[in-house]
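>>> Fold the following.
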Amino acid sequence: MSNNLVSNPSTDSTINVPNRQKRKLAYRARHRLLSINHDAIALTKHQPKNQWPWIPNKQCGSWYLPDSTITPVYFKSTDGHVGTYNFSLKRLNLHLITILHEHGGCNLVDSSVRKLLPDSFSRTVPIWCCVLNRIVKRYRIEMKVDHREIRWDVKLYTPACSVSSDEHELISNLIDSRVQLLYDSKAIVHPERLVELLKRPLRARWWTNGRSEESTVASDGDSCSLEDDEYFTIVCHNPSTYANDNKNHINWIENIDDNLSSLGYYYTPGAADDDATWGRGLTDQVFWSNREQILNPKLTDDDVDSLIDVLIKNDAALDGNVSNVDKYVDPNKCFNKIGNLSLWIGSRKAGRPPECWDYFDAILNVTEMEYTSMADSIKEKTDNLQRACFYLMLPVSEGKKDKSELERWMPVGLCFLIHHLQQKRRVLVHCAQGKDRSVAIVLAFATLACPLEYPLRLRSDFDMFDLERLWALASNLDSIDLDKIYLQSGLPAFAVDALLTKSGRDTILKWSHQYHTSEDPLANKYSLRIGKLSIQYLLCDAGTQVQKFLL
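Sure, this is the predicted structure:
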């Protein structure tokens, strides 16, 4: 199949169409997906020869790395926008430090529609590197760590193709204030571990349009080499191709199959950017799983739109049918232990019966999907193993669309965790991916029951939390009639009913305040940040929901 990045007037059937209309066509899903495929192929052909792992920068970068198994980083372009130049305390990306320590470097992938480098790469990543280098130097001095054998470079490096010398100087003058902000926030909950892992300073390099880009301000003896033993190197790749003589960078590409039939497309660099506006709900996983079908050169724009709608509908049906979950997925790979607690966070597969009961005694399912064999597995394990298994489902949808239900069910989830952890049981909290609703529940629990320091552990008076007193308060509430989905939870049915009423939230807050001696709120942005970082999990939007519940 011919796939040449050239403008060919003789075969471009829309050559006389105004530029505005061409941009509108280029925005269609077929053109965008063919552009993504073009760049993904180019990435494998023209990438620099190093052995470092490839990591997508969510959301855009994930479209170009179909085989990546590494947790994406999240460097937002908005943090690096001109006049902003932030170091985000919400997106610390500290898991990247561990990868750099293990491999010596890494390759990040992101793209932009109009820029040689997205702001995430030209500004956010360089600021991140410089701030962490300087705070590690500060920690080293405080810990009296001998680092004289290391040339600890704390200068800022930005790409000359995107950042002028004047802007570079402006950003440089702001770095120390960003370092102080990070230091004062105590968001680095384990400084000793950071110092231990960061044996060399961080350094960003850039690769775009098939070549390496120089730094705005080069240091003495600096070179464009992407590999340097003095640094942990982060190579920022933009796989897209940009035409120097085309302001909008949109080019017509032939798309000829073996029968010489063709439906060409408008190539757009950074086509994966803002996929919510053109993708019709398509995800990068669904795209790459159905790539050959979607990119069939005989399909028109409308054909591809219709196909995407069918694929999304089928994927949603498969995702909702929990009986179709792969039987051979090892649940042990789907959950993570939280600090020194007998508590785990996991994805839906971690709670799949009957294997889940080999690892856990109590399971809190924070989704609307339930394994049909769950009740039978509990009965079987109880009869055969002579031990009780406990289970509770909180029917909450994913993401922001059901945050009111998460707040409503939060008191019940907290009681479930308190009750079973007091009984020294192994407890799993899971949602679909282990990144959203389950983290919100565990973070709320940690705020109530743990000193917010690394690693998380239970308060010394945790066993004194008297749930019987809470049941007494709940008995005064009006009960509501619901299906008894919590009869296997180990919690009194009347109490769960009562906690789900409008007064349930106030009841558990009143009860919990007797164990909170400070005059400060149970939680604020600072304490939630520390709790989140102690959990060491990607939190998404859960923190806002927990703060609303606890304040």
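>>> Now for residue 420, how many residues are close by?
24 (other C-beta atoms under 10 Å). All C-beta atoms are positioned from the backbone trio N, CA, C, and that covers glycine.
>>> quick one: the strands in the stretch 201-350 of the chain?
202-208, 211-213, 232-238, 251-253, 265-267, 335-337, 343-346 (DSSP state E, counting those that start in this stretch).
>>> can these go into TSV with extra columns for mean pLDDT, mean neighbour count and distance to residue 298?
Formatted as TSV, those follow (pLDDT from 0 to 100; neighbours: other C-beta atoms under 10 Å; distance: least, C-beta to C-beta, whole Å):
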stretch	mean pLDDT	mean neighbour count	distance to residue 298
strand 202-208	93	25	33
strand 211-213	82	16	36
strand 232-238	95	25	31
strand 251-253	85	22	16
strand 265-267	91	26	13
strand 335-337	88	16	45
strand 343-346	93	24	43
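>>> Select, out of the ones you listed, the one closest to residue 396.
Of all those, strand 343-346 sits nearest to residue 396, with 15.1 Å by C-beta to C-beta.
>>> For the closest one, which outside residues touch it?
331, 334-338, 350, 359-360, 417, 421, 426-430, 434, 438-439, 442, 445, 535, 537 (C-beta atoms under 8 Å, 6 or more residues apart in numbering).
>>> Quick one: buried ones out of these?
331, 334-335, 338, 350, 359-360, 417, 421, 426-430, 434, 438-439, 442, 445, 535, 537 (16 or more other C-beta atoms under 10 Å).
>>> which is the next helix or strand following the helix or strand harbouring residue 174?
Here residue 174, judged by DSSP states H and E, is contained in helix 165-185. Counting by DSSP H and E, the next helix or strand C-terminal to helix 165-185 is helix 191-197.
>>> ok now that following helix, how far from the chain's centre?
23 Å (C-alpha atoms, centre = their mean, to the nearest Å).
>>> and it, which residues are buried?
Result for helix 191-197 [16+ other C-beta under 10 Å]: buried residues 191, 194-195, 197.
>>> Tell me what residue 252 is bridged to.
residue 266 (DSSP bridges).
>>> so it touches residue 243, yeah?
No: counting by C-beta atoms under 8 Å, residue 252 does not reach residue 243; the two are 11.2 Å apart.
>>> What is the distance between stretch 459-472 and the centre of its chain?
34 Å.
>>> and what of stretch 40-53?
23 Å.
>>> What residues sit buried inside it?
Result for stretch 40-53 [16+ other C-beta under 10 Å]: buried residues 40, 42-43, 47, 52-53.
>>> Okay, and residue 379 sits in which element?
helix 374-385.
>>> for whichever helix or strand comes after that helix, packing partners?
Using DSSP H and E, the helix or strand that follows helix 374-385 in sequence is strand 390-393. With contacts defined as 3 or more C-beta pairs under 8 Å, 6 or more residues apart in numbering; DSSP states H and E, the packing partners of strand 390-393 are strand 362-365, helix 403-422.
>>> can you tell me which of these the model trusts least?
Lowest mean pLDDT within the helices and strands packed on strand 390-393: helix 403-422, a mean of 91.
>>> Can you give me the buried ones in it?
Buried residues in helix 403-422 (16+ other C-beta under 10 Å): 403, 406-422.
>>> got it, and stretch 67-77?
68, 72-77.
>>> With stretch 355-371 instead?
355-357, 359-371.
>>> Looking at the buried residues of stretch 67-77, which one is closest to residue 267?
Using C-beta to C-beta, the buried residues of stretch 67-77 come closest to residue 267 at residue 77, 21.7 Å.
>>> Need the pLDDT of the closest one.
Reported pLDDT for residue 77: 93.
>>> Now do it against residue 59, distance only.
To residue 59, residue 77 is 11 Å away according to C-beta to C-beta, to the nearest Å.
>>> Ok, residue 377 next?
Residue 377 is 36 Å from residue 59, by C-beta to C-beta.
>>> do residue 506 as well
38 Å.
>>> Please say which of these two ends up with more neighbours.
residue 59 (17 against 13).
>>> That one contacts residue 277, correct?
No: using C-beta under 8 Å, residue 59 is not in contact with residue 277, being 11.9 Å away.
>>> How about residue 95: what's its closest non-neighbour residue?
Setting aside the residues directly before and after it, residue 95 is nearest to residue 71 in space (C-beta to C-beta, 6 or more residues apart in numbering), at 6.0 Å.
>>> List the buried residues in stretch 165-183.
For stretch 165-183, by 16+ other C-beta under 10 Å, it's 167-168, 171-172, 174-175, 178-179, 182-183.
>>> Nearest to residue 295 among those?
Nearest to residue 295 among the buried residues of stretch 165-183, with distances taken as C-beta to C-beta, is residue 167, at 39.8 Å.
>>> now that closest one, nearest residue through space, not along the chain?
Nearest one to residue 167, counting by C-beta to C-beta, 6+ apart, is residue 82 at 7.3 Å.
>>> Next, work out how far apart the one you found and residue 351 are.
Relative to residue 351, and taking C-beta to C-beta, residue 82 is found at 46 Å.
>>> before we move on, back to that, and the helix holding residue 174, C-alpha only, in PDB?
Extracted in PDB, the C-alpha atoms of helix 165-185 (Å, rounded to 0.1, in the frame of the first residue of the first chain):
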ATOM      1  CA  SER A 165      16.300  32.500  25.000                       C
ATOM      2  CA  ASP A 166      14.200  35.200  26.700                       C
ATOM      3  CA  GLU A 167      11.500  32.700  27.600                       C
ATOM      4  CA  HIS A 168      14.100  30.300  28.800                       C
ATOM      5  CA  GLU A 169      15.500  32.900  31.200                       C
ATOM      6  CA  LEU A 170      11.900  33.700  32.400                       C
ATOM      7  CA  ILE A 171      11.200  30.100  33.200                       C
ATOM      8  CA  SER A 172      14.700  29.700  34.900                       C
ATOM      9  CA  ASN A 173      13.900  32.500  37.200                       C
ATOM     10  CA  LEU A 174      10.700  30.800  38.400                       C
ATOM     11  CA  ILE A 175      12.300  27.400  39.200                       C
ATOM     12  CA  ASP A 176      13.400  28.100  42.700                       C
ATOM     13  CA  SER A 177       9.800  29.200  43.700                       C
ATOM     14  CA  ARG A 178       8.500  25.900  42.200                       C
ATOM     15  CA  VAL A 179      11.100  24.000  44.300                       C
ATOM     16  CA  GLN A 180      10.000  25.800  47.400                       C
ATOM     17  CA  LEU A 181       6.400  25.000  46.700                       C
ATOM     18  CA  LEU A 182       7.100  21.300  46.300                       C
ATOM     19  CA  TYR A 183       9.300  21.300  49.500                       C
ATOM     20  CA  ASP A 184       6.700  23.100  51.600                       C
ATOM     21  CA  SER A 185       3.900  20.800  50.400                       C
END
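>>> Check which helices and strands it sits against.
So helix 165-185, by 3+ C-beta pairs under 8 Å, 6+ apart, packs with helix 125-143.
>>> quick one: buried residues of the helix it packs on?
Buried-residue list, helix 125-143, by 16+ other C-beta under 10 Å: 125-140.
>>> Just list the residues touching residue 134, thanks.
154, 175-176, 179.
>>> Try it again at 6 Å.
154, 179 (C-beta atoms under 6 Å, 6 or more residues apart in numbering).
>>> Distance check, residue 410 against residue 515.
On the measure of C-beta to C-beta, residue 410 and residue 515 end up 17 Å apart.
>>> bridging residues for the nearest residue to residue 110 once chain neighbours are set aside?
Excluding its sequence neighbours, the residue lying closest to residue 110 (C-beta to C-beta, 6+ apart) is residue 57, at 3.9 Å. In this entry, residue 57 is beta-bridged to residue 73, by DSSP bridges.
>>> sorry, back to before: in the helix holding residue 379, what's buried?
Quick answer for helix 374-385 (16+ other C-beta under 10 Å): 374, 377-378, 381.
>>> List phi and psi for residue 163.
phi -120, psi 120 (degrees, to the nearest 10).
>>> Same question for residue 427.
Torsion angles, degrees, to the nearest 10, at residue 427: phi -120, psi 130.
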